[in-house]
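Asker: Quick check, what structure comes out for this input:
(one chain, ligands or ions: 1)
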Amino acid sequence: MFNLRPVTVFTSLRPFPNLFVFYFLIINTHKSTITMPTSLDLVGKESWRQRSELEKMADLPPELEKELDRLDNEFWVSRDKLKEIVKRFQEELEDGLRKHGQNISMNLSWVLSMPTGDEKGTFLALDLGGTNLRVCIVELHGKEGKEGKRHTLTQEQYKLDPKIKESTTEDLWNHVADTLQTFLSSKGLDKQYTPDSPMPLAFTFSYPALQDRIDHGKLVTWTKGFDISGVEGHDVAAQLRAKIEDRGLPIDLVCLANDTVGAMIASAYNDPATIIGAIFGTGCNAAYMEELSKSSIPKARLSDDDWKLAEKEALKMAINCEYGAFDNERRVLPVTKYDEQIDRESPRPGEQGFEKLSAGLYLGEIFRLILVDLVDRNLVFKDQDVSQLQKPYTLDTGFLSEIEDDETPRFEKTRALFKEKLGLEPRDEEIELSRRLAELIAVRGARLCACGIAAICLNSSLESGHVAADGSVANKHPKFKKRWAKALGEVLDWEDREKASHAQDNEGPIKLTSAEDGSGVGVAVIAAMTVERRERGNFIGLRR
Ligand code: GLC
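Answerer: As a prediction, the model looks like this:
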């Protein structure tokens, strides 16, 4: 059975590579022709060794073996548990469409259709990410683009001073406006455009913002470790606009969009099979298209004329779910004491309950907290200087990816990483333990990430299509896609032989694809759609 790979065979064959290949072939042939299971739920009562994809490199002393058993128990999300989570997820998604002030806020974006792929124009795009500030000139060529290339992009990336994360609204927007000014003059755009004939600006703001209109966004709460005073509860578009005006910059902010909406629209611009835009990176969130009707989005407030127009044109609205806040009460999520500590010590305890278990910002920190716990109980790194390990957030998701990706003979890469980042020299058993920890944290994350998407698909009866995902976890973690796809198959009951085996390879009916550049191209397409909509006289969610 393919999930029950005989790890003991793998492990004991390490010194005999040819024999290893021989067994590997047998196992895989066996897998595809003889015992292909009819269910993906093969996770009944395995030990962590059976569940693990890792080759064993060292025996663990009994006390560490016991710890791993415990951790495996706490971190493993079984198929039944996945289903329980998805059920609750579906309810919370619905609550968010019905009423304001729910865990999952289901923010209206006022993006009222998928793109045709033929949107055109030149736009300035601004992306306020977690670590960088990016400014781009995006030229959209539509379907006539040369060699099928529908856009051209010129960009500059400016590193965000980490201090900004804890500064004030003045510091933030002055910094952003100064950056825009530098960009405009370095590209000669300040000569090309005037305040009377300004360059349209599309702004990616990747935090939960309530939008009364497409060029407005009231920040509800900072997420992803940001804690800048004076912004929550305010319209960030207005705050930025004021600074642009102060400087007399020839820019007009025409739309603001979440990164998930940007990812979906950028991807749909090129790939009509796109159904969802998702970010599995520092944060975790997704967007999809919901029918714009009173019954589908009861909380939406439109004028009678606009409801009529929505019905006549069968409009849909992109919804930024903000589902990182799923289950803030932690009713169904598999929360460990390490997750609790992360939450307690975060700038906003009790918020982003789901994100804190599944997103890139936190995975490395969970790993660190487990090691600290084991150090405190004198189980690992005895007699070594652990001061570096004591520093919060010293390890990022890249650290875990590299450990999982390490194929060097004696895991030299992992040893070097420990030395470089933590000043530690792990023994074989500590390497073995760390590899398994990296795996179980990442597997839990990927399986949870599948839950949000499964819930959207079930609520909207989406049975096939592409989930366009961006973010460091989706794109840089070597095993994320497969793990995510397998879990999705478990939840959506892709039980027949073909779908199950396809899910293993992320080739199921709902497939994870790499998103196009949402915060550059995506928001530019949204700006083009907004301009075009205004020209057609559809002012739903636009400034009149
Ligand atoms: C956080 C933000 C959300 C964003 C996500 C991915 O969850 O609240 O707006 O989409 O991170 O960046």
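Asker: from here on, contacts and neighbour counts on C-alpha atoms
Answerer: Noted.
Asker: Give me the contact list for stretch 143-150.
Answerer: Here stretch 143-150 makes contact (Cα atoms under 8 Å, 6 or more residues apart in numbering) with G117, D118, L140, H141, G142, H151, N270.
Asker: Can you tell me which of the residues you listed has the most neighbours?
Answerer: Neighbour tally across the contacts of stretch 143-150 (other Cα atoms under 10 Å): the maximum, 24 neighbours, falls on L140.
Asker: name the element that one belongs to?
Answerer: strand 132-141 (DSSP states H and E).
Asker: what about that strand, near the ligand?
Answerer: No: Strand 132-141 lies out of reach of the ligand by Cα under 6 Å from any ligand atom, never closer than 12.5 Å.
Asker: ok, now which ones touch G324?
Answerer: I104, G283, C284, N285, Q352, G353, F354, E355, K356.
Asker: repeat that with 6 Å
Answerer: G324 makes contact with C284, N285, Q352, F354, E355, according to Cα atoms under 6 Å, 6 or more residues apart in numbering.
Asker: Would you check which of these are in contact with the ligand?
Answerer: Counting by Cα under 6 Å from any ligand atom, the members of the contacts of G324 near the ligand are C284, N285.
Asker: Now, the contacts of G324 that are in strands?
Answerer: Within the contacts of G324, residues falling in strands by DSSP state E are C284, N285.
Asker: check contacts around D127.
Answerer: Applying Cα under 6 Å, 6+ apart to D127 gives the contacts L133, R134, T204, S519.
Asker: Now for the second one, how many residues are close by?
Answerer: By that I understand R134. Residues near R134, counting by other Cα under 10 Å, number 23.
Asker: can you redo the contacts of G324 as a markdown table with pLDDT and neighbour count?
Answerer: A markdown table is the format used below for the contacts of G324 (pLDDT from 0 to 100; neighbours: other Cα atoms under 10 Å):
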| residue | pLDDT | neighbour count |
| --- | --- | --- |
| C284 | 97 | 28 |
| N285 | 98 | 29 |
| Q352 | 98 | 23 |
| F354 | 98 | 26 |
| E355 | 98 | 29 |
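Asker: Give me the phi and psi for G471.
Answerer: phi 110, psi 160 (degrees, to the nearest 10).
Asker: picking that back up, which of the contacts of G324 lies closest to L219?
Answerer: Taking Cα to Cα as the measure, L219 lies nearest Q352 of these, at 14.6 Å.
Asker: give me the number of residues near the closest residue to that closest one other than its chain neighbours?
Answerer: Leaving aside its sequence neighbours, Q352 sits nearest to A325 (Cα to Cα, 6 or more residues apart in numbering; 3.9 Å). Counted by other Cα under 10 Å, the residues lying close to A325 total 24.
Asker: for A325, what are its contacts?
Answerer: N103, I104, Q352, G353, F354.
Asker: what's around the residue of the stretch 401-544 of the chain found nearest the ligand, how many residues?
Answerer: At 7.6 Å from the ligand, G471 is the closest residue in the stretch 401-544 of the chain, using Cα to the nearest ligand atom. Using other Cα under 10 Å, the number of residues around G471 comes to 20.
Asker: Output the contacts of G324 as CSV; include the columns distance to L249.
Answerer: Listed next are those as CSV, based on distance: Cα to Cα, whole Å:
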residue, distance to L249
C284, 34
N285, 33
Q352, 36
F354, 40
E355, 37
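Asker: quick one: the strands in the stretch 251-400 of the chain?
Answerer: 251-257, 274-280, 284-291, 316-320 (DSSP state E, counting those that start in this stretch).
Asker: just the angle between the first one and strand 316-320, please?
Answerer: Right, the one you point to is strand 251-257. On the basis of axes from the mean of the first three to the mean of the last three Cα atoms, to 10 degrees, strand 251-257 is oriented at 90 degrees to strand 316-320.
Asker: just to revisit the earlier point, nearest to the ligand, of the contacts of D127?
Answerer: Distance to the ligand across the contacts of D127 (Cα to the nearest ligand atom) is lowest for T204, with 9.7 Å.
Asker: Where does the closest one fall, secondary structure wise?
Answerer: strand 199-205.
Asker: Let me know how buried the residue of the stretch 251-400 of the chain found nearest the ligand is, in neighbour terms.
Answerer: At 3.5 Å from the ligand, G283 is the closest residue in the stretch 251-400 of the chain, using Cα to the nearest ligand atom. By other Cα under 10 Å, 26 other residues sit near G283.
Asker: Next up, the contacts around it.
Answerer: Counting by Cα under 6 Å, 6+ apart, G283 has contacts A359.
Asker: Per-residue pLDDT of it, please?
Answerer: Note for G283: predicted pLDDT of 96.
Asker: can you list the residues of the stretch 251-400 of the chain near the ligand?
Answerer: Contact residues (Cα under 6 Å from any ligand atom) of the stretch 251-400 of the chain with the ligand: N258, D259, T260, I279, G283, C284, N285, E322, G324.
Asker: Need the residues you listed in JSON lines (columns: distance to G96).
Answerer: Shown next, in JSON lines, are these (distance: Cα to Cα, whole Å):
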{"residue": "N258", "distance to G96": "17"}
{"residue": "D259", "distance to G96": "19"}
{"residue": "T260", "distance to G96": "17"}
{"residue": "I279", "distance to G96": "19"}
{"residue": "G283", "distance to G96": "19"}
{"residue": "C284", "distance to G96": "17"}
{"residue": "N285", "distance to G96": "14"}
{"residue": "E322", "distance to G96": "10"}
{"residue": "G324", "distance to G96": "13"}
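Asker: Next up, the contacts around A438.
Answerer: For A438, the contacting residues are L400, by Cα under 6 Å, 6+ apart.
Asker: Which phi and psi values does it adopt?
Answerer: Torsion angles, degrees, to the nearest 10, at A438: phi -60, psi -40.
Asker: Can you give me the pLDDT of it?
Answerer: Looking at A438, its pLDDT reads 97.
Asker: One more: the one 4 residues further on?
Answerer: In this prediction, A442 carries a pLDDT score of 97.
Asker: Compute the number of surrounding residues for it.
Answerer: By other Cα under 10 Å, the residues close to A442 number 29.
Asker: Excluding residues flanking it in the chain, which one is nearest it?
Answerer: Using Cα to Cα, 6+ apart, the closest residue to A442 is L363 (7.2 Å).
Asker: Run a quick neighbour tally on that neighbour.
Answerer: 27.
Asker: which of the contacts of D127 count as buried?
Answerer: L133, R134, T204, S519 (16 or more other Cα atoms under 10 Å).
Asker: Not counting sequence-adjacent ones, nearest residue to the second one?
Answerer: Setting aside the residues directly before and after it, R134 is nearest to Q157 in space (Cα to Cα, 6+ apart), at 4.5 Å.
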